[in-house]
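A.B. asks: build me a model from this:
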Amino acid sequence: MKRDILILGNPILRVKSEEITDFQNKKIREEINDLKDTLEDFRKKNGFGRGIAAIQIGIEKRIIALNLGKEAFVLINPRITWYSSDSFTLWDDCMSFPDFVVRVRRNTSISMVYQDELGNTQKWDNIGKEESELLQHEIDHLDGILAIDKAIEKQDILYKMEYRKAYEHCSRKVDYEIVPTIN
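C.D. replies: Here you go, the predicted structure:
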């Protein structure tokens, strides 16, 4: 069932999410389905959206739902095990602050471990730039960190309306632009 997405200012967004240990728990199964449903609903309504953390719909558990162009899937208890030394900048946006973009720096590649819906441990190594940026953003959410906390400079938090007006100028300030997964 689709849930409302929490918006900047809601204190739950600052909560550090708890690990899942009981993968057979019926409530957790329902929460995973709610998270996937919420992501898919957002994508249908807005034409974009690649990932969402459970905390963004008020579920204080370490779950991320992703849709990289095919269908939603989840990463449970994700943990980054390696960061590349190189990085890049981008204008990041978020379902929890839909009216803003923020210029941040992210590592170009990461490796991680996570559990699938059955509780099996999985590895994802040398993740490419697009997914690496997204996963860093979503894992930050699980730790109560928002992209606005990572703004390179204070003036790098912009209303989307201002960003669109000054797009040419803004795009020269970053190394990378997010590629939508919905056409």
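A.B. asks: what's the longest helix in the chain?
C.D. replies: As assigned by DSSP state H, the longest helix anywhere in the chain is helix 26-46.
A.B. asks: what sits up against that helix?
C.D. replies: Helix 26-46 has contacts (C-beta atoms under 8 Å, 6 or more residues apart in numbering) with 1-3, 5, 20, 22, 49, 51-52, 54, 57, 59, 61, 63, 65-67, 72-74, 95, 117, 182. For glycine as for every other residue, the C-beta is placed from the backbone atoms N, C-alpha and C.
A.B. asks: over to stretch 132-144?
C.D. replies: In this structure, residues lying in contact with stretch 132-144 by C-beta under 8 Å, 6+ apart are 13-17, 50-56, 62, 64, 66, 75, 78-80, 84, 88, 90, 92, 94, 96, 106-110, 112, 127, 146-147, 149-150, 176, 178.
A.B. asks: give me the buried positions along it.
C.D. replies: The neighbour-count check on stretch 132-144 (16 or more other C-beta atoms under 10 Å) flags 132-142, 144 as buried.
A.B. asks: how far does that stretch sit from the chain's center?
C.D. replies: For stretch 132-144, the gap between its own C-alpha mean and the chain's C-alpha mean amounts to 5 Å (C-alpha atoms, centre = their mean, to the nearest Å).
A.B. asks: only alpha carbons, please: show it as CSV.
C.D. replies: What follows is stretch 132-144, C-alpha atoms only, in CSV (Å, rounded to 0.1, in the frame of the first residue of the first chain):
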residue,chain,number,x,y,z
SER,A,132,26.8,4.7,-6.5
GLU,A,133,25.5,8.3,-6.2
LEU,A,134,22.0,7.0,-5.6
LEU,A,135,23.0,4.4,-3.0
GLN,A,136,25.1,6.9,-1.1
HIS,A,137,22.1,9.2,-0.9
GLU,A,138,19.7,6.5,0.2
ILE,A,139,22.1,5.0,2.8
ASP,A,140,22.6,8.5,4.2
HIS,A,141,18.8,8.6,4.8
LEU,A,142,19.1,5.4,6.8
ASP,A,143,21.6,7.2,9.1
GLY,A,144,19.4,10.3,9.5
